[in-house]
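*Asks:* sequence and predicted structure, then a few things I'm wondering about:
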Amino acid sequence: MEFFRIKKDIPFMKYALVLNAISFITFALAVFFLVTRGLHLSVEFTGGTVMEVAYTQSADIAKVRDTVSGLGYSDVTVQNFGTSRDVMIRLPVQKGVTSAQQSERVLEALKAADPEVTLRRTEFVGPQVGEELVQGGLMALGMVILGIVIYLAVRFEWKFGVAAVIANLHDVVIILGFFAFFQWEFSLAVLAGVLAVLGYSVNESVVIFDRIREAFRKFRKMSTPEVIDHAITSTMSRTIITHASTEAMVLSMFFFGGPSLHYFALALTIGIVFGIYSSVFVAAAIAMWLGVKREDLVKPTKKDEDPNDPQAGAIV
């Protein structure tokens, strides 16, 4: 399905150097903020107190969050757990205050608002668990990147694999840079969003790479930049339809999903925007600069003829 079709190819690769310079500056700023400010890690990574409380009726999550925040907790996670009557509360570590003291204080505040609330469970999550989560997250990220390289190298060519990985790392680092600059809370949900962006971004790269391969087969007189321009231009309608639909869904989570989905949707929003940018202006340009050519993707045969080529019929 196409909403429109562009008849003349847009010369994207003509401006590849400028666009990639902007990309490099953005990437460098993201790294700078990550190094100087660091990520504002959530309780899952830093450790803290986890409470489970139960209500006799459906819990008002916003009211519970306001009650706990009123005790001076700025970084508190409140969400349903299991049913609408069960609530999980994650509290950050406080100096000089034990986990038991934290849970008692919070429970008193909750009982003041609703005397029928009961405490189901309370436990302390140590920093060791946080370290394991960081290691597990980095391992998951590494496995995803390795899988992308192998898949693209087998399906297309190693130059495309390298280009896609650089573009995907570009997306990940920029997302983390935003979270470091604004000191937004980085939780397991955000990590899941980052991993989702990796898969989403590589899908767009695969579509463009596939069109590049098709263009190499059809247009033997075109240079590599012209082939890439044609491939990107021919996918513009599909790109707009796909990403606009996805972004509409993510923005609905951002505006109406509540605090529990806020940063997850925010990570996806940033990732989708930069994922489109990196697939078009980073991955394709890097593949061009790595020297990708027709022979890398199409094996020459005697029947490999172009009906538009005046030399059709010649052995190639």
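*Replies:* Happy to help now that I have it.

*Asks:* which strand residues bridge Val50?
*Replies:* Arg90, Glu123 (DSSP bridges).

*Asks:* how deep is it tucked in, by neighbour count?
*Replies:* Applying other Cβ atoms under 10 Å, we find 20 residues neighbouring Val50. (Glycine included, C-beta is placed from N, CA and C.)

*Asks:* and it, what does it touch?
*Replies:* The contact partners of Val50, by Cβ atoms under 8 Å, 6 or more residues apart in numbering, come to Val43, Met88, Ile89, Arg90, Leu91, Arg121, Thr122, Glu123, Phe124, Val125.

*Asks:* among the residues you listed, name the buried ones.
*Replies:* Buried by 16 or more other Cβ atoms under 10 Å: Val43, Met88, Ile89, Arg90, Leu91, Thr122, Phe124, Val125, out of the contacts of Val50.

*Asks:* nearest to Asp114 among the residues you listed?
*Replies:* The closest of the buried ones among the contacts of Val50 to Asp114 turns out to be Ile89 (Cβ to Cβ; 13.9 Å).

*Asks:* quick one on the thing from earlier: out of the contacts of Val50, which comes closest to Ser103?
*Replies:* Once Cβ to Cβ is applied, the member of the contacts of Val50 that ends up nearest Ser103 is Thr122, at 4.3 Å.

*Asks:* just give me the residue closest to the centre of the protein.
*Replies:* Closest residue to the average C-alpha location of the chain: Val197 at 2.6 Å, with Cα atoms, centre = their mean.

*Asks:* name the nearest residue to that residue, sequence neighbours excluded.
*Replies:* Counting by Cβ to Cβ, 6 or more residues apart in numbering, Val197 lies nearest to Gly271, which is 3.1 Å off, once chain neighbours are set aside.

*Asks:* then Ile145?
*Replies:* Nearest one to Ile145, counting by Cβ to Cβ, 6+ apart, is Val165 at 5.7 Å.

*Asks:* next, count neighbours for the one you found.
*Replies:* 21.

*Asks:* run the chain-centre distance for the helix or strand it falls within.
*Replies:* Counting by DSSP states H and E, the element that carries Val165 is helix 158-182. Helix 158-182 sits 9 Å away from the centroid of its parent chain (Cα atoms, centre = their mean, to the nearest Å).

*Asks:* buried ones in it, by neighbour count?
*Replies:* For helix 158-182, by 16+ other Cβ under 10 Å, it's 159-180.

*Asks:* likewise for stretch 284-303?
*Replies:* Ala284, Ala285, Ile286, Ala287, Met288, Val292, Arg294, Asp296, Leu297, Val298.

*Asks:* try stretch 197-208
*Replies:* Val197, Leu198, Tyr200, Ser201, Val202, Glu204, Ser205, Val206, Val207, Ile208.

*Asks:* what's in contact with it?
*Replies:* Contacts for stretch 197-208 (Cβ under 8 Å, 6+ apart): 141, 144-145, 148, 152, 155, 160, 163-164, 167-168, 171-172, 175, 231-232, 235, 238-239, 246, 267-268, 271-272, 275-276, 278-280, 283-284.

*Asks:* if any of those residues are buried, put those into a PyMOL selection.
*Replies:* PyMOL command restricting those to the buried ones, with burial defined by 16+ other Cβ under 10 Å:
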select buried, resi 141+144+145+148+152+160+163+164+167+168+171+172+175+231+232+235+239+267+268+271+272+275+276+278+279+280+283+284
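
*Asks:* give me the subset of the contacts of stretch 197-208 that lies in strands.
*Replies:* Judged by DSSP state E, strands contain none of these.

*Asks:* quick one: residues contacting the nearest residue to His262 once chain neighbours are set aside.
*Replies:* Leaving out its chain neighbours, the residue that sits closest to His262 by Cβ to Cβ, 6+ apart is Phe254, at 6.7 Å. By Cβ under 8 Å, 6+ apart, the residues touching Phe254 are Leu261, His262, Ala265, Leu266, Thr269.

*Asks:* what does Gln79 give?
*Replies:* So Gln79 contacts Ile61, Val87, Met88, Ser260 (Cβ under 8 Å, 6+ apart).

*Asks:* secondary structure class of the third one, three-state.
*Replies:* Here Met88 is recorded as strand under DSSP: H, G, I helix; E, B strand; the rest coil.

*Asks:* how about the contacts made by it?
*Replies:* Val50, Met51, Glu52, Thr77, Val78, Gln79, Asn80, Phe81.

*Asks:* any chance of the residues you listed in CSV, with distance to Ala109 and pLDDT too?
*Replies:* Shown next, in CSV, are these (distance: Cβ to Cβ, whole Å; pLDDT from 0 to 100):
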residue, distance to Ala109, pLDDT
Val50, 17, 86
Met51, 12, 90
Glu52, 16, 91
Thr77, 16, 81
Val78, 12, 87
Gln79, 18, 84
Asn80, 19, 84
Phe81, 19, 78
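
*Asks:* now render those residues as CSV, adding distance to Leu133 and secondary structure.
*Replies:* Shown next, in CSV, are the contacts of Met88 (distance: Cβ to Cβ, whole Å; DSSP: H, G, I helix; E, B strand; the rest coil):
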residue, distance to Leu133, secondary structure
Val50, 14, strand
Met51, 19, strand
Glu52, 20, strand
Thr77, 14, strand
Val78, 20, strand
Gln79, 17, strand
Asn80, 22, strand
Phe81, 18, strand
